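1. From the sequence below, what's the structure:
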Amino acid sequence: MRAALRLLLPVLLIGLCLWAFEAAEIGTRLAAADPVWIAAAVLLLLGQTVLMALRWRLVARCLGIGMPLGWALREYLASQALNATLPGGVLGDAARAVRTRAGPAGLKGAAQAVVVERAAGQVGLAAVLAIGLAVATASGALPGMWLAALAAGLVTLAVAAVLAASSTRLAALGRRCLPTRRVAAVQAGLSLGAAVLNVAAFAACAKATGTDLPAGSVLVLVPLILTAMLIPLTVGGWGWREGAAAALFPLAGAAPEAGVAAGIAFGATILLATLPFAAVALSGRPSRGVRSIDDAGKAKVAR
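-> Numbers count the residues shown, from 1 in each chain. Below is the predicted model of the structure:
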């Protein structure tokens with residue numbers, strides 16, 4: 001019943017957006033979408049996947065799990081394809097952990113690597129939002145941006161409450177995943193780079209559907225729109241993403257219909273960037289090339 005609801009909910013949410021706003025305008029924008037900008041968004045998302053696979057590989061190595069880069073990239077593509085097409089948005093990550101278990105670390109270590117890697121992604125998105133708020137404040141952007149800042153603050157408080165509940169365990173795990181400043185700097189660069197590419201891909205989809213968002217609006221509003229995709233009561237963020245975009249685009253002087261069209265184009269672009277690789281990715285054997293790393297091997301990472 002719950003799975004059926006998650007499959008039905010995105011359809012209902014998209015239908016609600018089409019009913020509440022001008023469906024004809026949304027259809028016109030999508031029909032006239034610029035394929036060049038859609039292709040650019042696909043390339044940006046593929047670049048993001050490469051950075052996220054590198055981030056996952058580094059986290060796993062710090063936890064004693066080694067994996068070839070090609071294997072890590074293939075598994076990440078498979079994970080994204082599953083997340084984009086199955087209810088909940090995390091089944092792909094669970095499959096990635098199961099297919100990675102190897103050596104003394106076992107399933108627990110593999111799961112920890114996936115959880116930490118995904119958390120690092122949200123930190124990167126939050127960093128982009130913080131940069132955007134700083135830019136908006138310095139440039140005297142629209143007062144409506146402060147509504148976005150308030151929403152960001154509420155999200156931050158919610159995340160902080162969750163982290164506080166398990167701070168001791170997370171702190172210990174964080175020390176293992178960030179053993180030196182060098183590793184921390186590399187992780188920060190990968191996370192920020194991946195988040196920037198993700199935000200830029202959404203901006204490209206907005207451009208493809210006829211909306212040229214100002215840079216300040218992109219940095220503030222798009223991270224909030226993408227955060228809405230984390231709500232697990234749907235498939236691939238469909239519905240929540242479009243609703244958030246419809247609510248936030250007017251803060252940048254764009255119509256709600258433009259937000260819905262951009263959200264739908266972005267969802268389609270995610271599928272274009274992942275599904276062609278899904279069959280190849282899932283055809284590989286689980287744990288192939290994955291190995292445990294002893295303390296000497298982890299020491300090399302720390303240097």
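
2. At which residues are the strands of the stretch 151-300 of the chain located?
-> All strands of the stretch 151-300 of the chain, identified by DSSP state E, counting those that start in this stretch, fall at 291-292.

3. got any ranges where it has weak pLDDT?
-> Residue ranges of the stretch 151-300 of the chain with pLDDT under 70: 151-171, 279-289, 293-300.

4. Please enumerate the helices of it.
-> Remark: helices assigned in the stretch 151-300 of the chain by DSSP state H, counting those that start in this stretch are 167-177, 181-208, 215-227, 240-248, 256-283, 295-302.

5. out of the ones you listed, nearest to residue 45?
-> Residue 45 sits nearest to helix 256-283 of all these, at 4.1 Å, using CB to CB. In this view, the C-beta of every residue, glycine as well, is placed from N, C-alpha and C.

6. list the buried ones in the closest one?
-> Within helix 256-283, the residues that count as buried by 16 or more other CB atoms under 10 Å are 256-271, 273-274, 277-278, 281-282.

7. Dump the helices of the stretch 151-300 of the chain to a markdown table, plus distance to residue 83.
-> As requested, these are exported to a markdown table (distance: least, CB to CB, whole Å):
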| stretch | distance to residue 83 |
| --- | --- |
| helix 167-177 | 22 |
| helix 181-208 | 13 |
| helix 215-227 | 13 |
| helix 240-248 | 13 |
| helix 256-283 | 8 |
| helix 295-302 | 27 |
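
8. of all those helices, which lies closest to residue 71?
-> Closest among the helices of the stretch 151-300 of the chain, using CB to CB: helix 256-283, at 9.8 Å.

9. any idea how far stretch 42-54 is from the chain center?
-> Centre-to-centre, stretch 42-54 and its host chain are 11 Å apart (CA atoms, centre = their mean, to the nearest Å).

10. same deal with stretch 22-35?
-> Taking the mean of its C-alpha atoms, stretch 22-35 sits 25 Å from the chain's own mean (CA atoms, centre = their mean).

11. Remind me what the top helix by length along the chain packs against, helices and strands.
-> Counting residues, the longest helix in the chain under DSSP state H turns out to be helix 106-139. For helix 106-139, the elements it packs on are helix 35-62, strand 65-66, helix 91-100, helix 145-165, helix 167-177, helix 181-208, helix 215-227, judged by 3 or more CB pairs under 8 Å, 6 or more residues apart in numbering; DSSP states H and E.

12. Return the most buried member of those.
-> helix 215-227 (a mean of 25; mean count of other CB atoms under 10 Å).

13. Tell me which other helices or strands that one touches.
-> The contact analysis (3+ CB pairs under 8 Å, 6+ apart) places helix 215-227 against helix 106-139, helix 145-165, helix 181-208, helix 240-248.

14. I'd like the ones you listed written out as CSV, with distance to residue 18 added.
-> Output for these, formatted as CSV (distance: least, CB to CB, whole Å):
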stretch, distance to residue 18
helix 106-139, 28
helix 145-165, 24
helix 181-208, 18
helix 240-248, 9
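
15. Just tell me which of those ends up closest to residue 85.
-> For residue 85, the closest of those is helix 240-248, at 15.0 Å, according to CB to CB.

16. So what touches that closest one?
-> Where contact means CB atoms under 8 Å, 6 or more residues apart in numbering, the residues beyond helix 240-248 that reach it are 13-14, 16-17, 20-21, 148, 221, 224-229, 231, 233-234, 256-257, 259-260, 262-264, 266-267.

17. picking up where we left off before, I'd like the helices and strands packed on helix 106-139 as a markdown table, with distance to residue 8 appended.
-> Formatted as a markdown table, the helices and strands packed on helix 106-139 follow (distance: least, CB to CB, whole Å):
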| stretch | distance to residue 8 |
| --- | --- |
| helix 35-62 | 27 |
| strand 65-66 | 38 |
| helix 91-100 | 18 |
| helix 145-165 | 26 |
| helix 167-177 | 35 |
| helix 181-208 | 25 |
| helix 215-227 | 22 |
